[in-house]
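Engineer: Fold the stuff below for me.
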Amino acid sequence: MRASTLRNGAVVAALVWTACSAPTGVATSPESAIGAEAMLDDVRALSADEMEGRAAGTPGEEKAAAYLEGRFREIGLAPLQGAYRQPVETVSFRKKPEVSTLSIVGPSGALELEDGGNVSFWSSSQRDVVDLADAPLLLVGYGVEAPEHAWDDYKGLDVSGKVLLFLNDDPPVSEDGVELFGGEARTYYGRWTYKFEEAMRRGAAGALVVHTTPSASYPFSVVQRNGTEEHFALDLPRSGYQVDLLGWLDEETSGRIAAGMGTTLDGLFEAAASRDFAPRDTGFRVGAHVETELRRITTSNVAGILEGGDPVLKEQVIVLSAHYDHLGTDPGAGGDPIFNGAWDNAAGSAAILAVAEAFAATEPRPRRSILFLACAAEEKGSLGSRWFVARPPIERRRLVANLNVDMPQIFGVTDDIAAIGVETNSLGNALRAVASAEGIRVTGDPQPNAGSFYRSDQVNFAKAGIPALFVNPGGEYRQVLPFDPSAYREAHYHQPSDEVREEWDLSGLERDMKVLYRTVALVADAEEMPRWAPGNEFEEAWRALHGETPGEP
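Structural biologist: Below is the predicted model of the structure:
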């Protein structure tokens, strides 16, 4: 079926009326299934101590998956291919730091490198031992190839066997007053994940990213120990940036490389912010010996579906997702060893259960089918959703939208709802139409340079061309809070103290999920499937998914 974005305000208004009124059968009464107390019950169950923090591949995560499977069955969701569980095969890899080495040698000799100090490095090749000797270090600028902007930092050069030096972020370029790469809002091209993927795709021997706090939006300490941490990837070919050497260089070390090239670090950033940039040999050579401990872990997505009521449109599926895993336990940390993950993301899992309850009570059913997906291993790199998209239990082109809930509202009712990605595709039009009918303002990413859209499960749907939104809490509270929500997050995010606490008020979550229910109902009943805004970085993948060619309306 051909699709186009919702451009006409009258059409959107009409769709909101039909989604929320009796003639289509989508009555408001099923929303009574979306209640604060019921969601709190599910949060308490999923974040209980006996769930042991729900870390991927642990008995605690298995208990959580069993709980969710039971709830899906109780709600009346149908299994996919005869099962509610989808096994997810992962590979864990951890560098052996005591026997692993890295050297970068230039015209004036070797740089002084300290693993976990001014550099972090590891191998994602999924091999026990990797050796590099005298590999050229090639500056590839921002390392972006963006056909929609006619931008190519590689200029056709074969970079196989070389270690690529990437600048962080997007190229800061505007033409005719228009920012090519989103301005302050980071696109996927600006993410380090994209740069590592490009290194793998082009057969590079390695990829090192230049870190500066402005270009990364966080200090070097965030990535400083990446090389000593355990990393995870899917047990699939070319998954997890399978490159012999990956790493980060701090600003001072990167500046020494720039000096060896006869310029400054600012000079490198300036040179790369040009359409004419071409790769440059830095004059440095890289050597590495990396030994890695590997292990394989199986976990499970949990999924159930409500079939749509239209004989044709029911083949199209809207996915509502939330990850259910968390960080597990740390017995050596002292004090409370369990990372309960109540906000992150038992709350999101409880939220989609409530929306599922509402749709299960909706008669007649929405025209399109709705799939509810509890994703595994999000904390390990959004692996459950990546596996689901790579190995979907239903044909991928049938997946027409994803709305993801991760760390939703827990502090009460707001006059706004945040939806990261709201400007990027027609799902944002539907959400705004529903919210505005309730007098609610929809905002986008509060920290656009952080690239939040690319840091939860929705990104894997987007990369496959499937329009996606990331639902976040608003910040304009109708009642003055006796505490600072930002300080609360800083104190409890990824800490054992992320439990149901006295500050919680799920009336806002109840309101937000009713808005989400109406939005999904609107999208499910619309004549046309969602699509990306023209020129979006994922539009070409959408066209490929649905058999369109560039230039078609």
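
Engineer: Give me the below-cutoff pLDDT ranges for this protein.
Structural biologist: Counting by pLDDT under 70, the ranges of the chain that qualify are 1-28, 333, 449-450, 549-553.

Engineer: how does it divide into domains?
Structural biologist: Domain assignment of the chain by automatic domain parsing yields the ranges 9-78+307-421+430-445+461-546, 93-294.

Engineer: Could you check how far the shortest one is from the centre of its chain?
Structural biologist: Okay, so that is domain 93-294. How far domain 93-294 lies from its chain's middle: 20 Å, per Cα atoms, centre = their mean, to the nearest Å.

Engineer: now do stretch 278-295
Structural biologist: Centroid separation for stretch 278-295 versus its chain: 27 Å, with Cα atoms, centre = their mean.

Engineer: Out of the domains of the chain, flag the one nearest residue 86.
Structural biologist: Each of the domains of the chain has some distance to residue 86 by Cβ to Cβ; the shortest is domain 9-78+307-421+430-445+461-546, at 6.1 Å. For glycine as for every other residue, the C-beta is placed from the backbone atoms N, C-alpha and C.

Engineer: Tabulate the domains of the chain (TSV), appending mean neighbour count and distance to residue 452.
Structural biologist: Output for these, formatted as TSV (neighbours: other Cβ atoms under 10 Å; distance: least, Cβ to Cβ, whole Å):
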stretch	mean neighbour count	distance to residue 452
domain 9-78+307-421+430-445+461-546	20	5
domain 93-294	18	9
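
Engineer: Just tell me which of those ends up closest to residue 453.
Structural biologist: Nearest of these (Cβ to Cβ): domain 9-78+307-421+430-445+461-546, 4.8 Å.

Engineer: what about the longest helix in the chain?
Structural biologist: Counting by DSSP state H, the longest helix found in the chain is helix 507-525.

Engineer: helix or strand right after that one?
Structural biologist: Sequence-wise, the next helix or strand downstream of helix 507-525 (DSSP states H and E) is helix 539-546.

Engineer: Just the CA atoms of that following helix, as CSV, please.
Structural biologist: Output of helix 539-546 as CSV, limited to C-alpha atoms (Å, rounded to 0.1, in the frame of the first residue of the first chain):
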residue,chain,number,x,y,z
GLU,A,539,13.5,8.0,4.9
GLU,A,540,15.6,6.0,2.4
ALA,A,541,15.3,2.9,4.6
TRP,A,542,11.5,3.4,4.7
ARG,A,543,11.4,3.6,0.9
ALA,A,544,13.4,0.4,0.6
LEU,A,545,11.2,-1.3,3.1
HIS,A,546,8.1,-0.5,1.2
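
Engineer: How far does it sit from its chain's centre?
Structural biologist: With Cα atoms, centre = their mean as the basis, helix 539-546 stands 19 Å off its chain's centre.

Engineer: Give me the helices and strands touching it, please.
Structural biologist: Contact partners of helix 539-546 among helices and strands, from 3 or more Cβ pairs under 8 Å, 6 or more residues apart in numbering; DSSP states H and E: none.

Engineer: Could you give the bridge partners of residue 231?
Structural biologist: The partner list for residue 231 in beta bridges (DSSP bridges) reads residue 93.

Engineer: Look up how far residue 287 lies from it.
Structural biologist: Residue 231 sits 22 Å away from residue 287, going by Cβ to Cβ, to the nearest Å.

Engineer: ok, now residue 513?
Structural biologist: Between residue 513 and residue 287 the computed distance is 54 Å (Cβ to Cβ).

Engineer: again with residue 274
Structural biologist: Applying Cβ to Cβ, the value for residue 274 to residue 287 is 31 Å.

Engineer: re the thing from before, any chance of the domains of the chain in CSV, with distance to residue 300 too?
Structural biologist: Shown next, in CSV, are those (distance: least, Cβ to Cβ, whole Å):
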stretch, distance to residue 300
domain 9-78+307-421+430-445+461-546, 5
domain 93-294, 13
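
Engineer: out of those domains, nearest to residue 87?
Structural biologist: In terms of Cβ to Cβ, the element of the domains of the chain nearest to residue 87 is domain 9-78+307-421+430-445+461-546, at 8.6 Å.

Engineer: my guess is residue 456 is in a strand, correct?
Structural biologist: No - Residue 456 sits outside any strand when classified using DSSP: H, G, I helix; E, B strand; the rest coil, being coil.

Engineer: Need the residues that contact the helix or strand that residue 65 is a member of.
Structural biologist: Assigned by DSSP H and E, residue 65 belongs to helix 59-75. The contact list for helix 59-75 (Cβ atoms under 8 Å, 6 or more residues apart in numbering) reads 42, 45-46, 50-55, 84-85, 299-300, 302-304, 324-325, 328-329, 349, 353, 356-357, 360, 372, 374, 376.

Engineer: so who does residue 308 touch?
Structural biologist: Taking Cβ under 8 Å, 6+ apart as the criterion, residue 308 is in contact with 314, 316, 365, 366, 367, 368, 369, 370, 524.
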